[in-house]
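Colleague: Return a 3D structure for these sequence lines:
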Amino acid sequence: MANGTRGQPGSSGGGPPGRWVSEGELGVLEASLQEAQETLNAIRNGEVDAIVATGNRIYSLTGAEHPYRVYVEQMQEGAVTVAADGLILYCNQRFADMVGAPLEGVISSVIHTYLSAESWEKISAVVAGEESVVKHESILRTRSGEEIPVNFTASKLSLSDQNVICLVVTDLTLQKVDEELRLAKEVAERANLAKDSFLAALSHELRTPLTPALMAVSALLQDRSLSSRVLADLAMVRRNIELETRLIDDLLDLTRITHNKLELLEAPLDLHGVLRNAIDVCAPDIEQRSLNLSFDLAANQTNTLGDAVRLQQVFWNVIRNAVKFTPGGGAIRISTSNPELAQFRVTIADSGIGFDPADTEKLFESFRQVGRGVTGEAGGLGLGLAISRAIINAHGGRIWGQSPGLNLGATIEVELPLRQPLPSTASAAPATPSQLTTAGLRILLVEDHEDTRQIFRMILTQKGHLVQTAATAKAALALADNHPFDLVISDLGLPDLSGTDLMRILRERYSLRGVAVSGYGMEKDIRQSKSAGFDYHLTKPADPAKVDQLLAEIMIEIRRGLSDRLGLESVPA
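Modeller: Now for the predicted structure:
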């Protein structure tokens, strides 16, 4: 009724029946009409970005400047404005894409559709003013039921008549993938370190008992009073100990190759000489299997620079494979040539089981033995050719194999570049035991493994050296305090101090030279030995012939007054 006048109940007239309203109700009605009129005017003027009606409530968002709207729409994050009751008032296209719904379908829906009750509880806390900004990592649910890892950043926007939550939603999918990859990489690296540590420890434990066995057999082989049958049996035992050592070395070599730490000790060498040494090592097995071995060493150019031990390892691996995969009575042919100037090629062909040509590259894969299923008894770890390829590659050469097929034999070829040594790289011939003077070295032998200590002492004493032994570093220091020594030979894994700590003390107090003998033979172990003051590092099982050779060189240096450490000029004895 106009002017707030009241009509009388039950009055009649020509118009429709009405009802009386209070002044309060009339004020609310007028306010609602005013709000509706203002909203319509705002829409006409382009001042409103969005209007949402729900029940008897109307939400309108006042328009912002155009650059801001463009920024929000181009954000990589989802942007949402939410009423305090969870009604979505506005969202950008990115958020709609994240939840997999059309833009118009998201606006006016409720936020609870896309996130958990726990997340909404944390986000809506900004309305109560408990925190000005809430950051919460959780899951965003899409219309299809997929869950996306996201980070919510919520803040309160206080309007004149309502509280609105501004919500920025960041997709963490890529970050999670990157984090998972990083964690996987860390786990793999830790596993590799654990594997390397395990292999090093395993190597040490396996090598330690082999040392006294190899030394005892080597000493007995020098006894010509033994029958030929006994000597032959001892030679067989020695070959198998060396084979066991080679298998241990293969495991460590694989670790070196994996970490790109395969080191070469380059020196002038004759490749025919290296090849002959490898043939000699395999000769007993060739004879035992009654194989027909022939060779044609036709190469004229054979001198180069390289690691003789490593190259012999390659030739030994290839020849040993030929022996292993060739049935008794078969044939092996070894030939050399110079296919081009400054190139050397070795061809090792056998009449054995061969392999499928499709498996050619598998020959050089770690832990792979092509043809093992045919023989059923190949044995070994399947590392020989993989390690051989790494060694040849490190020398700048190449190695490859070929076979016409199963049971048709196989051929392995090795090709190496020939490099001429510079004059300055030539070294003097190594000392030999025959060059020793009649008086031996005064040696302090430190070894906690009793069998190794006893056999080592016996062999050194037979060579004319004066030897005193200790099982601990403490006992070794007590001996050094009361007796003069020329040299200390020490294990590294002692029960009280480490061998490196012992060497530092002996070097500092008595200027003793030292030889480390250890089951640990990785590059880092050798570097640690050198830094502690050891002149040489021998890996167990120590070959008595190599020990004899080394002591001969040390003895001649001592007798001549040489001191490589101080760089003094030699003085004749």
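
Colleague: now the helices for the stretch 401-550 of the chain?
Modeller: Listed in chain order, the helices found in the stretch 401-550 of the chain under DSSP state H, counting those that start in this stretch are 450-462, 473-482, 499-510, 523-532, 544-559.

Colleague: tell me the contacts of the residue lying closest to residue 289 once chain neighbours are set aside?
Modeller: Counting by C-beta to C-beta, 6 or more residues apart in numbering, residue 289 lies nearest to residue 328, which is 4.9 Å off, once chain neighbours are set aside. Quick note: C-beta positions are derived from backbone N, CA and C, even for glycine. Applying C-beta atoms under 8 Å, 6 or more residues apart in numbering to residue 328 gives the contacts 289, 290, 291.

Colleague: Just the buried ones from those residues, in PyMOL syntax?
Modeller: Once 16 or more other C-beta atoms under 10 Å is used to decide burial, the buried members of these can be selected in PyMOL as follows:
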select buried, resi 291
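
Colleague: could the contacts of residue 328 go into a markdown table alongside secondary structure and pLDDT?
Modeller: What follows is the contacts of residue 328, written out as a markdown table (DSSP: H, G, I helix; E, B strand; the rest coil; pLDDT from 0 to 100):
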| residue | secondary structure | pLDDT |
| --- | --- | --- |
| 289 | coil | 89 |
| 290 | coil | 92 |
| 291 | coil | 94 |
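
Colleague: Surely residue 453 touches residue 471?
Modeller: Yes: at 6.7 Å, residue 453 counts as touching residue 471 under the criterion of C-beta atoms under 8 Å.

Colleague: got any residues that touch both of those two?
Modeller: Applying C-beta under 8 Å, 6+ apart, one finds that residue 453 and residue 471 are jointly contacted by residue 447.

Colleague: thinking again about what came up before, export the helices of the stretch 401-550 of the chain as a markdown table, with columns for mean pLDDT, mean neighbour count and distance to residue 408.
Modeller: Listed next are those as a markdown table, based on pLDDT from 0 to 100; neighbours: other C-beta atoms under 10 Å; distance: least, C-beta to C-beta, whole Å:
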| stretch | mean pLDDT | mean neighbour count | distance to residue 408 |
| --- | --- | --- | --- |
| helix 450-462 | 88 | 18 | 48 |
| helix 473-482 | 93 | 16 | 60 |
| helix 499-510 | 92 | 19 | 53 |
| helix 523-532 | 84 | 16 | 41 |
| helix 544-559 | 82 | 18 | 41 |
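
Colleague: Please name whichever of the ones you listed is nearest to residue 153.
Modeller: Relative to residue 153, the nearest member of the helices of the stretch 401-550 of the chain by C-beta to C-beta is helix 523-532, separated by 48.1 Å.

Colleague: Please name every helix or strand in contact with the closest one.
Modeller: Helices and strands touching helix 523-532, by 3 or more C-beta pairs under 8 Å, 6 or more residues apart in numbering; DSSP states H and E, are helix 499-510, strand 513-518, strand 536-539.

Colleague: neighbours around residue 217, how many?
Modeller: Residue neighbour count, defined by other C-beta atoms under 10 Å, stands at 21 for residue 217.
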